[in-house]
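Novice: Need coordinates for the following:
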Amino acid sequence: MLQLPDKLFIDNEWRDGAAGRRFPSVDPATETTIAELAFADTSDVDAAVQSSHRAMRGPWRAMPPEQRGALLDRLADLIEAKKDLIARTETLDMGKPLREGYANVARSVRTCRYYAGAADKLQGDSIPVGANGFNFTLLEPLGVTAHITPWNYPFANACRSLPTALAAGCTVILKPASQTSLTTLMLAELCAEAGFPAGVVNVVTGSGAETGTALARHPLVRGITFTGSISTGKRIMAYAAEHVRPTVLELGGKNPQIVFADADIDAALTQTMRGAFTNAGQVCTSVSRVLVERPIYDDYVLRLKSSIEALRIGNGLDDPDIGPLVSAEHLDDVSRFVTAGKEEGARLVTGGSRPRGFPKGYFLQPTLFADVRPTMKIASEEIFGPVLSIIPFNTDDEALEIANGLELGLTSGVFTRDLRRAMRFVRELQAGMVWVNEWFMSPVQVPHGGVKESGLGREQGLLALRNYVQVKDVGIRI
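Specialist: Numbering: from 1, shown residues only. Below you'll find the model as predicted:
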């Protein structure tokens, strides 16, 4: 039996919530409670923020950047050493196939090492102002930063922004999703073991409505990073406006994969399956709409049907092709989309119900709808589950019109051998990321984020360091 963390992590110490409240963490494959976690109320959040604020005023701010980088390298070593425990806990807590848990841990190690190397490379500018003056800029850390992370990639998403903020010299308070908090608590303990001073990394657990709101509204928080739903992101922006603080938001998408008849069809099919059903479709950047040129449409539907029906469903710890959804509530939400697709007249090609042999767990068969119209609910709203819509198109202009027809624009993809066509779509697709002839092309060194209601700001890469610094201009009269 795993020894799982179940308390708040504040000032490099484990502590119970002030009110003694608890909430369950449930294994989505078996519906059993695997831990009872501390519920942080407003006073607990204040304690965490005050701790991080003290750390900002202490030796952390004066620590040389190469030392911050060395601590991040040490953290990467510790994560790598604990990869088995972290990956298994993530799978147990969230439901994803075990190999995906290992991949998430490996990505987190890579992210820590990337920003370890970047810590001493934050540089200002010297600006020419004439012979009688000298002007230069300093990049200074924002201060206390709040990181409100989603349930689908709890460890990797915590490690996506935490090393960036630490490299920039900020302190960090992590608030993981209530469904999947365990590996974030493990991360906090590893930060302390790596040698980060007390208060530099704190973790508070609880609901988004109470714990997350208290954190986002705290006046000593100087910057907010949030990944999640559009509706919650808009509330976060409103809370940030109360104290005029910068905010980075990744708010999901309804991502189109556009497949032309001249594409490498085998490769496109592989990427459709990978993009649509990784993590049971619970990915902001998943393939949600496949737009297929009319001459190959019928064959593409048949080949997708065959591939989907060959997927192996099971408990994530058994490393199947597809595991359960994260919770009973989310299973209900995704199932309502399946019902809506049927009611609106889309053709259910395969899936759409609970798989046989799974009386327990939040399982749903991977689902394919064909003959989908762009205005249907399943083609216009984010489902965040293993439900894929396939839409035919006749011309390049029609494909662009369908792809750009929503107020979402996280990522998109185009599959074609025609370079001229590919570059036209790169220019004209309204998305923060455009991928050509492959899906999930977002390693840690490239900027990641969306346009329109898919969010603002960018995670990853050197650009993300600017999320956690402010520019101070210095002018000197000579």
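Novice: how close does Asp264 get to Thr416?
Specialist: For Asp264, the distance to Thr416 (CB to CB, to the nearest Å) stands at 9 Å. From N, CA and C alone the C-beta is placed, and that goes for glycine too.
Novice: Overlap of the contact sets of these two?
Specialist: Asn437 (CB atoms under 8 Å, 6 or more residues apart in numbering).
Novice: neighbour count winner among these two?
Specialist: Thr416 (22 against 14; other CB atoms under 10 Å).
Novice: I'd like to know how far the more buried one sits from Val436.
Specialist: Taken as CB to CB, the span from Thr416 to Val436 is 8 Å.
Novice: okay, and the common contacts of the two?
Specialist: In contact with both Thr416 and Val436: 422, 425, using CB under 8 Å, 6+ apart.
Novice: tally of neighbours for Gly143?
Specialist: The number of residues packed near Gly143 is 21, by other CB under 10 Å.
Novice: which residue sits closest to it, ignoring its sequence neighbours?
Specialist: Arg222 (3.8 Å; CB to CB, 6 or more residues apart in numbering).
Novice: wait, the one you found sits on Val144?
Specialist: Yes: between Arg222 and Val144 there is a contact under CB atoms under 8 Å: 5.5 Å.
Novice: just for this structure, where's the confidence low?
Specialist: 1-3 (pLDDT under 70).
Novice: mind giving me the domain split of it?
Specialist: The record's domain parsing of the chain by automatic domain parsing lists 8-251+454-477, 255-443.
Novice: Wasn't Val434 part of a helix?
Specialist: No: Val434: not assigned to a helix; according to DSSP: H, G, I helix; E, B strand; the rest coil it is strand.
Novice: which residues does it contact?
Specialist: Going by CB under 8 Å, 6+ apart, Val434 touches 411-414, 425-426.
Novice: Now do the strands in the stretch 101-250 of the chain.
Specialist: Assigned by DSSP state E, counting those that start in this stretch, the stretch 101-250 of the chain shows strands spanning 126-127, 133-141, 144-148, 171-175, 201-203, 223-227, 247-250.
Novice: would you turn those into CSV with mean neighbour count and distance to Gly450?
Specialist: Shown next, in CSV, are the strands of the stretch 101-250 of the chain (neighbours: other CB atoms under 10 Å; distance: least, CB to CB, whole Å):
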stretch, mean neighbour count, distance to Gly450
strand 126-127, 12, 32
strand 133-141, 15, 25
strand 144-148, 28, 17
strand 171-175, 28, 22
strand 201-203, 29, 27
strand 223-227, 26, 11
strand 247-250, 24, 7
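Novice: right, and those strands - which one's nearest Asp11?
Specialist: When the strands of the stretch 101-250 of the chain are compared by CB to CB, strand 201-203 sits nearest Asp11, at 7.2 Å.
Novice: Check what contacts the closest one and list those residues.
Specialist: Strand 201-203 is contacted from outside by 8-11, 48, 51-52, 162, 166, 171-176, 184-185, 187-188, 191-192, using CB under 8 Å, 6+ apart.
Novice: coming back round to it: which residues are in contact with the residue nearest to Gly143?
Specialist: Arg222 touches 142-145, 170, 245, counting by CB under 8 Å, 6+ apart.
Novice: ok, now Glu309?
Specialist: By CB under 8 Å, 6+ apart, the neighbours of Glu309 are Thr350.
Novice: distance of it from Thr30?
Specialist: 25 Å.
Novice: Please, which helix or strand holds Leu71?
Specialist: Using DSSP states H and E, Leu71 sits within helix 65-81.
Novice: Would you check how far apart the residue nearest in space to the middle of the chain and Glu242 are?
Specialist: The structure's the chain has its C-alpha centroid closest to Asn157; by CA atoms, centre = their mean the separation is 5.1 Å. The gap separating Asn157 from Glu242 is 25 Å, by CB to CB.
Novice: cool, and Gly316?
Specialist: In terms of CB to CB, Gly316 sits 40 Å off from Glu242.
Novice: The two: who's more crowded?
Specialist: Set Gly316 next to Glu242 and count neighbours by other CB under 10 Å: Gly316 wins out with 28 against 11.
Novice: Is that one in contact with Leu98, as I believe?
Specialist: Yes: with contact defined as CB under 8 Å, Gly316 reaches Leu98; the gap is 5.9 Å.
Novice: Common neighbours of these two, please.
Specialist: Common neighbours of Gly316 and Leu98 (CB under 8 Å, 6+ apart) are Thr91.
Novice: Between Arg222 and Val144, which contacts overlap?
Specialist: Shared contacts of Arg222 and Val144 (CB under 8 Å, 6+ apart): Cys170.
Novice: for the stretch 301-450 of the chain, what spans make up the strands?
Specialist: Secondary structure of the stretch 301-450 of the chain (DSSP E, counting those that start in this stretch): strands at 347-350, 367-370, 387-393, 408-409, 411-415, 433-436.
Novice: which one of those strands lies closest to Gly212?
Specialist: Gly212 lies closest to strand 408-409 among the strands of the stretch 301-450 of the chain, at 22.5 Å (CB to CB).
Novice: Can you list the helices and strands that the closest one packs against?
Specialist: Counting contacts by 3 or more CB pairs under 8 Å, 6 or more residues apart in numbering; DSSP states H and E, strand 408-409 packs against strand 451-452.
Novice: starting at the chain centroid, how far to the helix or strand following the strand it packs on?
Specialist: Heading C-terminal from strand 451-452, the first helix or strand you meet, by DSSP H and E, is strand 455-456. Remark: strand 455-456 is offset 13 Å from the chain centroid, using CA atoms, centre = their mean, to the nearest Å.
Novice: Listing partners with orientation, what would you give for strand 455-456?
Specialist: Strand 455-456 pairs in its sheet with strand 247-250 (antiparallel), by DSSP bridges.
Novice: buried residues in the lengthiest helix in the chain?
Specialist: In the chain, assigned by DSSP state H, the helix with the most residues is helix 98-118. When neighbours are counted by 16 or more other CB atoms under 10 Å, the buried residues of helix 98-118 are found to be 98, 100-102, 104-105, 107-109, 111-116, 118.
Novice: re earlier: between the strands of the stretch 301-450 of the chain, which gets nearest to Arg294?
Specialist: That would be strand 387-393 among the strands of the stretch 301-450 of the chain, by CB to CB, at 5.1 Å.
Novice: Output the contacting helices and strands for the closest one.
Specialist: helix 265-277, strand 287-293, helix 294-309, helix 328-343, strand 367-370, helix 377-380, helix 396-403.
Novice: so can I have CSV of these showing distance to Arg61?
Specialist: Listed next are the helices and strands packed on strand 387-393 as CSV, based on distance: least, CB to CB, whole Å:
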stretch, distance to Arg61
helix 265-277, 42
strand 287-293, 43
helix 294-309, 53
helix 328-343, 41
strand 367-370, 51
helix 377-380, 47
helix 396-403, 46
